[in-house]
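> Please work out how this folds:
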Amino acid sequence: MKPVEMPIEVRTHAEELIKEFARKRIPEDLEDKVRILHKTRGCAITLIEERPHFMRPGLWTLFEVAQFRYKPSTGIWTLYCRDRHHKWWRFTPEPPSRDLAALIRAWMRTQPASSGGSTPSTSSFPLAPPTPLMPAGCLHK
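Numbers count the residues shown, from 1 in each chain. Predicted structure coming up:
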């Protein structure tokens, strides 16, 4: 059985929203300190934070920090975040929604200033500690 794919028009729109979000979140003068990427697989889009390794600055490290899952039968997106054991948990403060942009904004509200949750400044990058924090809304059930 072939896995369910996200409809191309939904995928295109979602990827444009994610790219716009990334452009707005990271000022050009900080692109050598942090980048926001994404990958799409099936019906999920994963946000990835990329930063120079803290001990080997020439090496960039990747952290999957959020995942937006789309259900084609309903047109609903659900936000997930990862814990320190790399397990995905539904982001409980924000209900599933047809509005992907609203879920992106909800996730950003949970991010501490040191990881770009508020307006980035040169003093807030790079992240410390070197691993991203799990938002408070991602509680184990």
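
> which one's the longest strand in the protein?
Using DSSP state E, we find that the single longest strand of the chain is strand 60-71.

> now that one: how far from the chain's centre is it?
The chain centroid and the centroid of strand 60-71 are separated by 5 Å, computed with Cα atoms, centre = their mean, to the nearest Å.

> Contact partners for residue 58?
Shown in contact with residue 58 (Cβ atoms under 8 Å, 6 or more residues apart in numbering): residue 52. (C-beta placed from N, C-alpha, C; glycine too.)

> if we go to 7 Å?
Shown in contact with residue 58 (Cβ atoms under 7 Å, 6 or more residues apart in numbering): no residues.

> All the helices of this protein, residue numbers only.
In the chain, the segments counted as helices under DSSP state H are 8-25, 100-109.

> now the shortest one, how far from the chain's geometric center?
Mean C-alpha position of helix 100-109 versus that of the full chain (Cα atoms, centre = their mean) differs by 9 Å.

> Could you pull out the buried residues of that helix?
100, 103, 104, 106, 107, 108 (16 or more other Cβ atoms under 10 Å).

> close enough to count as contact, the fourth one and residue 94?
Yes: under the criterion of Cβ atoms under 7 Å, residue 106 makes contact with residue 94 at 4.0 Å.

> need the contact list for the residue most central in space within the chain.
Against the mean C-alpha coordinate of the chain, by Cα atoms, centre = their mean, the closest residue is residue 47 at 3.1 Å. Going by Cβ under 7 Å, 6+ apart, residue 47 touches 18, 36, 38, 65, 66.

> Nearest to residue 76, out of the helices of the chain?
Minimum separation from residue 76 across those (Cβ to Cβ) falls at helix 100-109, 10.0 Å.

> I'm done for today, thanks for sticking with me.
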